[in-house]
Every structure is written in C-alpha cells, then in structure tokens.
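>>> From the sequence below, what's the structure:
(one chain, ligands or ions: 1)
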Amino acid sequence: MTEQQTTTETVMISLQGLTKRYPGQDRDAVASLDLEIRAGEIVVLVGPSGCGKTTTMKMINRIIEPSGGRILLDGEDVTKVNPDQLRRRIGYVIQQIGLFPHMTIGENIATVPKLLGWDKARIAQRVDELLAMVSLDPAEYRDRYPKQLSGGQQQRIGVARALGADPDVLLMDEPFGAIDPITRDRLQNELLRMQAEMRKTIVFVTHDIDEAIKLGDRIAILQEGSRIAQYDTPEQILTAPANDFVKNFIGRGASLKRLGLTRVSDISLREWPTVSADTPVEAALAQLRAATESALLVLDAAGRPVRWVAADELRDAAGRTLVELGTSVNHMEPRATLSDVLNALITSRHSVTAVVDDAGVYVGVADFEQIHDAIREMRSQAVGEARAGLQNEAGL
Ligand SMILES: Nc1ncnc2c1ncn2[C@@H]1O[C@H](COP(=O)(O)OP(=O)(O)OP(=O)(O)O)[C@@H](O)[C@H]1O
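Model (predicted):
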C-alpha cells in the first residue's frame with residue numbers, strides 16, 4: 001500500500017475506548033477497545049468463545065448500550081443518537097436469520113425500505129434486484145414464505161434484507177455458523193462476489209479462523225475483554241503472528257492455511273477435455289479414448305459443467321444421454337480458495353476440480369499441480385521474507 005492511499009482512506013467506524021460491563025459483573029465484557037475500520041473493508045472479529053465479539057458488534061448498532069467510550073460512524077459520533085435511526089443505516093445479519101415467518105420473502109426484504117417510506121415501485125424493484133444479487137430468481141422466490149426455503153437460501157434472504165436500504169455498513173454475526181460446510185463455502189464465495197461490487201464496510205464475527213482468513217481484508221484476533229491480540233491482514237497474521245496467543249489461535253498448519261489466501265481466479269488453470277451434453281455416448285467414448293485424461297467433463301448448452309464421465313461409465317451405455325451417466329461435478333467458483341480446491345481434490349475421483357466464472361460457465365480445471373505450485377511459491381516467499389528480516393536485524 002502506498003502512503004498516499006493510506007492518507008486518503010476514510011475510516012468508516014471508529015471505536016474509541018469502547019467498554020461494556022454487564023450489570024452485576026465484576027469484569028468488563030469489552031474493556032476499552034480502540035479499533036478503526038476502513039470504508040469498504042471486511043473486518044473479521046475472531047476469538048475464543050466469550051471473548052466479547054458479539055458484545056462488541058452489538059454495541060456498533062447499539063443493540064447493546066456501551067458503558068463507556070465512543071462510536072464514530074463516518075466521522076459522526078453516534079454514541080447517543082436515536083438507536084432506531086442508527087439501525088436503518090446499518091444492515092445486520094445474524095445466525096438465526098430472524099426472518100418474519102408470516103411475511104413473504106419479498107415483504108421480508110422490503111422491511112427497512114418500507115420503514116423509510118419508499119414508494120411501492122421503488123421497493124418492488126429493490127426486492128428483485130436484491131434477490132438476483134443473492135442468486136435467487138425473483139419470480140420464483142419473492143412470494144414464497146421463509147419455511148419454503150432451505151437453510152442456505154434463508155441465510156441469503158437474511159443478507160438481502162440487511163442490504164434493503166443500501167446501508168454503508170453491514171454487521172454479520174456468525175451468519176454462516178449453522179450451515180453445512182459446502183453451502184457455507186458457497187455463501188462465503190457469494191459474499192465475496194457481492195462485496196467486489198458493493199464495497200460495503202463489513203464487520204464479520206466468527207469463531208472460525210479459516211473463515212476469517214478467507215473473508216477478511218483485515219482480522220482482529222481478540223482475547224478476553226475484546227483485547228486486541230493482533231489487528232492485521234490475514235497474510236501478516238499467518239506469516240508474522242504477534243504473540244503466542246495468536247500463534248495458538250491459528251493453531252498448527254499456519255502454512256497450510258495460507259492456501260486460504262489464494263483464490264482460484266488468481267492461478268492459471270489447466271485445460272481438460274470437455275464434451276457437450278447432447279453428444280452421443282459412442283462419440284464421447286471415442287473422444288475419451290483419444291485423450292490422455294481419465295474422464296470427460298460434460299458441459300450443458302450454456303457451457304456449465306454438469307457431469308464427469310469416465311470410460312467404464314460410457315461402455316454399454318448406448319442410447320443413454322451423458323447427463324444420466326458418470327458423477328456430479330462439485331465445481332469451484334472464482335472466489336473459492338486453494339484450500340477449498342484441496343478439500344475437493346481429496347474426495348474427487350479424477351483428482352481434478354472444475355472451475356467456473358461468475359456466470360457458472362466452465363473456464364478450466366485445478367489439480368494437485370496447482371496446489372504444489374502455490375506451496376512452492378509460498379516457500380520461496382517465506383525464505384525471501386526471512387532473509388529480509390535477518391538483513392534488517394543485522395542493519396544491512
Ligand atoms: N447479558 C449478559 N449479562 C452478563 N454477562 C454477559 C451477557 N452477555 C454476555 N455476557 C458475558 O460477556 C462476555 C462476552 O460475551 P460475548 O457474547 O460478547 O462473547 P463472544 O465472544 O461473542 O462469545 P461466543 O463466541 O461464545 O458467542 C462473556 O463472558 C459473557 O458471559
């Protein structure tokens with residue numbers, strides 16, 4: 001980062017000596033926390049259970065009233081302003097979603113715009129825009145009720161609702177905590193895709209250091225009382241943990257965790273033989289026999305990966321279609337990390353994973369070779385950094 005960039009960056013949220021002591025307690029749950037959060041960044045608060053993450057976050061939108069200190073929002077002291085008005089400027093997403101069960105998805109998303117008195121046409125347009133943004137077809141979902149949606153879909157609606165009135169700030173309290181790992185990865189990728197366009201200031205609470213590494217522009221590792229053990233970029237936290245607490249919190253495998261810093265969109269992908277879904281089985285088999293790979297990747301008419309088909313699955317399958325054969329594709333979106341790729345590779349029959357673009361169209365494959373290259377690069381970087389460190393110490 002250049003110096004000029006540093007000086008022009010705006011601080012969106014500034015916590016100054018922020019303190020909370022719950023009634024009847026002899027210790028502060030949050031003890032004089034100073035933290036600056038820059039506009040357009042995702043800052044992840046991570047730390048052990050009970051360290052004060054949720055209390056800190058809930059003081060930002062004053063669901064919990066601070067016992068001391070100040071909160072500045074875009075330079076304005078909001079410690080004493082009307083909390084209802086404050087909450088309209090700050091989106092809030094929680095784990096249990098809190099969708100209103102008797103309201104349709106559209107009405108749920110429209111909650112804050114309605115409170116703000118937007119007209120009907122503008123609200124309807126905004127609802128559809130937000131549904132599309134969280135990858136749900138507006139025509140199909142706007143009139144459904146929350147119970148007619150899966151957990152992952154409900155969580156997406158939670159995010160859409162929080163973005164209703166286009167707030168500058170989004171608070172997310174373990175939003176993906178109760179979701180299965182595959183859907184969780186997908187929701188994380190979607191959040192990153194949306195954030196690339198929205199550039200909101202996001203404060204995200206999690207227990208999970210891997211989630212923090214994947215999502216955070218900056219991570220605050222907190223100790224009891226929301227004391228900051230380290231506030232830094234994920235790269236710095238993994239390569240230069242500030243103290244033993246941070247080291248222990250990252251746990252073993254810090255090098256492996258660095259795979260979580262590289263996105264599939266940042267690496268060069270390999271090519272793989274593909275076949276369109278309407279190709280006859282015999283023709284596909286002939287194509288596979290002429291190839292050196294163990295399977296073909298079947299693409300639908302829009303170029304999206306649908307199946308892997310291997311030779312044994314194509315033999316004796318005359319008259320059937322390719323989409324009925326083979327195995328399903330667990331594809332990687334552009335913001336998936338090499339850590340996600342590694343996980344997928346371990347369980348993949350063909351030791352390869354298909355990568356798609358934002359529209360879901362196939363762009364190439366990643367395999368162990370790419371992981372290997374990334375690890376080699378990390379090693380040479382680490383050696384370079386260690387050398388530079390030694391030279392600094394020696395005053396060279
Ligand atoms: N309403 C309350 N009354 C008294 N003490 C509370 C209350 N809410 C939280 N605490 C205490 O404040 C401390 C911080 O709690 P907080 O929920 O902020 O932690 P956390 O880091 O979010 O934890 P977790 O990861 O388990 O959700 C804990 O010691 C907790 O027991």
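
>>> tally of neighbours for Ile42?
22 (other Cβ atoms under 10 Å). C-beta here means a position set from N, CA and C on the backbone, and glycine is covered the same way.

>>> Find the residue ranges of the chain scoring beneath the pLDDT cut-off.
1-8, 97, 379, 381-396 (pLDDT under 70).

>>> can you do 50?
Along the chain, the model assigns pLDDT under 50 to residues 1-7.

>>> Quick check: residues of the stretch 51-200 of the chain near the ligand?
51-55 (Cβ under 6 Å from any ligand atom).

>>> Ok, the stretch 201-350 of the chain next?
Neighbours of the ligand within the stretch 201-350 of the chain, by Cβ under 6 Å from any ligand atom: His207.

>>> Can you name the residue of the stretch 201-350 of the chain nearest to the ligand?
Closest contact between the stretch 201-350 of the chain and the ligand, by Cβ to the nearest ligand atom, is at His207 (5.5 Å).

>>> and that residue, what does it touch?
46, 48-49, 174, 177 (Cβ atoms under 8 Å, 6 or more residues apart in numbering).

>>> SS state for Val44?
Following DSSP: H, G, I helix; E, B strand; the rest coil, the label given to Val44 is strand.

>>> Apologies, that question was intended for Asp34.
Classified using three-state DSSP, Asp34 is strand.

>>> so it makes contact with Val11?
No - using Cβ atoms under 8 Å as the test, Asp34 is too far from Val11 to be in contact (11.8 Å).

>>> Looking only at neighbour counts, state which of those two leads.
Regarding Asp34 and Val11, a neighbour count based on other Cβ under 10 Å identifies Val11 as having more, with 15 against 12.

>>> Setting aside sequence neighbours, what's the nearest residue to that one?
Using Cβ to Cβ, 6 or more residues apart in numbering and skipping residues adjacent in sequence, the residue nearest Val11 is Glu36, 4.8 Å away.

>>> For burial, what's the neighbour tally of Asp357?
Asp357: 14 surrounding residues under other Cβ under 10 Å.

>>> what kind of secondary structure is the residue nearest to it when sequence neighbours are not counted in?
In this structure, Asp357 finds its nearest non-sequential neighbour in Val363, 5.3 Å apart by Cβ to Cβ, 6+ apart. What three-state DSSP gives for Val363 is strand.

>>> got the contact list for Val363?
Val363 is in contact with 269, 355-357, counting by Cβ under 8 Å, 6+ apart.

>>> how about TSV for these, with distance to Asp367 and secondary structure added?
Output for those, formatted as TSV (distance: Cβ to Cβ, whole Å; DSSP: H, G, I helix; E, B strand; the rest coil):
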residue	distance to Asp367	secondary structure
Leu269	9	coil
Val355	11	strand
Val356	16	strand
Asp357	19	coil
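
>>> Most neighbours among these, which one?
Ranked by neighbours (other Cβ under 10 Å), the contacts of Val363 are led by Val355, which has 24 neighbours.
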